[in-house]
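Novice: mind folding the following:
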Amino acid sequence: MIFNSSSMELNIKNAVPFLTFKELSRFPFVTHAFSTRMGGVSGGEFTSMNMSFGRGDPYENVIENYRRLCSAVGVSFLSLTASAQDHHTFVRRVTRENCGVGITRPKDIQSVDALITNDPYSRRRSPRGLAGDCRKNRNDDSRKNGAGVFHGSS
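Specialist: Model (predicted):
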């Protein structure tokens, strides 16, 4: 795989490639990753690292893709939190009690545009940003040890 970026790094672990931002990697309290389309189990139009439950890919494939990416990144699959991000202004604070929401537990809220946390457990393991075809943005506050992911347009 050829990858050239001045701001991001290509990482490959357990045959799963993922991207990280060099600047975010400087913060020891931030674990982050951006999946690629490689390293998963999905087939057909979803080949291979499909992370969406709502596109027709079997549930088991999407869960396995999450497991593979989490293993490569070094985070617990059970600690993820996801939302239904869209163009609204609602910001949700997540804590360890929200782990699994949108992944192994049903989404309990719709129209969330950002997930933020300063919970020590959640900060290193979630939130996970879902932004469809829009840009995902991540913000980290080293003074308050907070992190957030939000949905944006280019």
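Novice: what helix or strand is residue 92 on?
Specialist: If you go by DSSP states H and E, residue 92 is part of strand 91-93.
Novice: flag every buried residue along that strand.
Specialist: residue 92 (16 or more other C-beta atoms under 10 Å). To be clear about C-beta, it is placed using only N, CA and C from the backbone, and glycine gets the same treatment.
Novice: ok, stretch 7-15 next?
Specialist: Residues of stretch 7-15 classed as buried by neighbour count (16+ other C-beta under 10 Å): residue 8.
Novice: residues in contact with that stretch: which ones?
Specialist: Stretch 7-15 is touched from outside by 1, 3, 17-23, 25, 33-34, 39, 68, 71-73, with contacts defined as C-beta atoms under 8 Å, 6 or more residues apart in numbering.
Novice: in strands, which of those fall?
Specialist: If you go by DSSP state E, those have 17-21, 34 in strands.
Novice: same list, those residues, but as JSON lines with neighbour count please.
Specialist: Compiled in JSON lines, the ones in strands among the contacts of stretch 7-15 are given as follows (neighbours: other C-beta atoms under 10 Å):
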{"residue": "17", "neighbour count": "18"}
{"residue": "18", "neighbour count": "21"}
{"residue": "19", "neighbour count": "16"}
{"residue": "20", "neighbour count": "17"}
{"residue": "21", "neighbour count": "16"}
{"residue": "34", "neighbour count": "14"}
